[in-house]
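K.L.:
Provided below are the primary sequence and the corresponding predicted coordinates.
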Amino acid sequence: MSNPNQQIKKIAVFTSGGDAPGMNACIRAVVRSSVHFGMEVFGIHGGYQGMIENDIHPMDASSVANIIQYGGTILKTARSKEFMTPEGRKKAFNNLKSHGIDAIVAIGGNGTYTGALKFNEEYQIPIVGCPGTIDNDLFGTDFTIGFDTAINTAMDAVDKIRDTADAHDRVFFIEVMGRHSGHIALYAGIGGGAEGIFIPEKDNEFEDIIDSYEKKSRNKKFSIFVVAEGDEDGHAFDIAKKFQDVFPNIDSRVTVLGHIQRGGKPSANDRILASRIGAHAVKALTEGNTNVAIGVINNEISFTPFQDAIYNKKSINENLWIMNDILTR
Ligand code: F6P
């Protein structure tokens, strides 16, 4: 099929920020859709830094064969300090021009979108964003690429730790990722049947949990608490210490899941979400719909201006929080 927007003939795709399972599926969708529309497509290796270092290479349909099932990103990723400077962005733009690249698909999180907006303001190059982060903290989509896999990884870890908690009658504090947000903690906590969940979007969880734990502890021998790394009460070790001060006779342990949540085979949901978003990113460019973040809201493709996607905070699902409170009493 030919591209209705004849101004865009060559596009480039890159991944930036923390890797997330499903990024490869998104790259595949971008490359194959570009080929479908008769456009040339390039892969930028290493995110914005690769743009600055001219690490830019032609791709075709076969470049993305046999990658849909893998975590990580074949294009590599980075957090570039140099791109935050006007000199770095100028180098990046000149490199894109030297390849004749007219438009870009950026896959990443809030930092990636912020860079894209700035770049577009300075050089007017059309850009669309695809939400790739395990944190699910991007406004303009119900779920980000990688979140579903990450919560399944975290939940699986909770199940395993639960065996030890039960066997030893211990309390476990399990820290999950989420620098500024509690989406992973909320979903992995509910799915894993955690006794309590600590997230930055809510205050006073410690007091509430101690209160309910005191009421229950006569019968309950072991417990699981899930803590988002960005919680305002501190990291899991800080919360465990406070807990130990209140209950000195209870045996407690801390497990920090860390980067295990970022890797692994993407789930079916992440592969499908990434494929839809990647394909619509290219379609959006052909239709002149640029400087937007692509998402899926209520199962429909959505387009959110970068400004809104960057500056609006995505709230946690309040209904899930309330429901969990009832289910864990
Ligand atoms: O934004 C994704 C994320 O995995 C956060 O949850 C986490 O805090 C951060 O990245 C870790 O980043 P890095 O891999 O650079 O340590």
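P.N.:
Thanks, I have the structure now. Bear in mind that the values here come from a model prediction, so they are computed numbers and not experimental data.
K.L.:
now the residue nearest the centre of the chain, nearest residue through space, not along the chain?
P.N.:
The centroid of the chain falls nearest to Thr133 when counting by CA atoms, centre = their mean (1.5 Å). Nearest residue to Thr133 in three dimensions, chain neighbours excluded: Gly109, at 3.6 Å (CB to CB, 6 or more residues apart in numbering). The C-beta positions use only the backbone N, C-alpha and C, and glycine is treated the same way.
K.L.:
tally of neighbours for the one you found?
P.N.:
24 (other CB atoms under 10 Å).
K.L.:
same question, the one 3 residues further on
P.N.:
The burial count assigned to Thr112 is 29, neighbours taken as other CB under 10 Å.
K.L.:
Now do the contacts for it.
P.N.:
By CB atoms under 8 Å, 6 or more residues apart in numbering, the contact set of Thr112 is Ser16, Gly17, Gly47, Ala106, Gly129, Gly132.
K.L.:
Just give me the closest of those residues to Lys241.
P.N.:
If you rank the contacts of Thr112 by distance to Lys241 using CB to CB, Gly17 comes first, at 31.5 Å.
K.L.:
Can you tell me how far the closest residue to the closest one other than its chain neighbours is from the ligand?
P.N.:
Once flanking residues are discounted, Gly17 sits nearest to Gly108: 4.1 Å by CB to CB, 6+ apart. Counting by CB to the nearest ligand atom, to the nearest Å, the gap between Gly108 and the ligand amounts to 9 Å.
K.L.:
The contacts of Thr112: which two are farthest apart?
P.N.:
Farthest pair in these, by CB to CB: Gly47 and Gly129, 12.9 Å.
K.L.:
and these two? which has more neighbours close in?
P.N.:
Between Gly47 and Gly129, counting by other CB under 10 Å, Gly129 is the more crowded of the two (31 against 27).
K.L.:
would the more buried one count as being in a helix?
P.N.:
No - applying DSSP: H, G, I helix; E, B strand; the rest coil, one finds Gly129 to be strand, outside a helix.
K.L.:
which residues does it contact?
P.N.:
105-108, 112-113, 116, 281, 292-294, 306, 309.
K.L.:
ok, those vs the ligand, which is closest?
P.N.:
Nearest to the ligand among these: Gly108, at 9.3 Å, using CB to the nearest ligand atom.
K.L.:
so Arg271 sits right up against Ala25, yeah?
P.N.:
Yes - under the criterion of CB atoms under 8 Å, Arg271 makes contact with Ala25 at 4.5 Å.
K.L.:
okay, and the common contacts of the two?
P.N.:
Joint contacts of Arg271 and Ala25 (CB under 8 Å, 6+ apart) are Ile68.
K.L.:
quick one: pLDDT of the residue nearest to Thr133?
P.N.:
If you check Gly109, the pLDDT there is 98.
K.L.:
ditto for Glu214
P.N.:
pLDDT for Glu214: 79.
K.L.:
swap in Pro4?
P.N.:
67.
K.L.:
same check, this time on Asn299
P.N.:
For Asn299, the predicted pLDDT is 98.
K.L.:
What's the separation between it and Leu273?
P.N.:
10 Å (CB to CB, to the nearest Å).
K.L.:
Which one's more surrounded, these two?
P.N.:
Set Asn299 next to Leu273 and count neighbours by other CB under 10 Å: Leu273 wins out with 27 against 7.
K.L.:
Spatially nearest residue to the more buried one (excluding sequence neighbours)?
P.N.:
Excluding its sequence neighbours, the residue lying closest to Leu273 (CB to CB, 6+ apart) is Ile145, at 5.7 Å.
K.L.:
Show me which residues of the stretch 151-300 of the chain sit near the ligand.
P.N.:
Contact residues (CB under 6 Å from any ligand atom) of the stretch 151-300 of the chain with the ligand: Met177, Gly178, Arg179, Glu229, Arg262.
K.L.:
Restricted to buried residues, select those in ChimeraX.
P.N.:
Applied in ChimeraX, the following selects the buried portion of these according to 16 or more other CB atoms under 10 Å:
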select :177,178,229,262
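K.L.:
can you give me the strands in the stretch 1-150 of the chain?
P.N.:
10-15, 40-44, 56-59, 103-108, 127-131 (DSSP state E, counting those that start in this stretch).
K.L.:
so which residue of the stretch 1-150 of the chain comes closest to the ligand?
P.N.:
Closest point on the stretch 1-150 of the chain to the ligand, by CB to the nearest ligand atom, is Gly18, at 3.5 Å.
K.L.:
Tell me how many other residues surround that residue.
P.N.:
Gly18 has 21 neighbouring residues, counting by other CB under 10 Å.
K.L.:
Nothing else from me, thank you.
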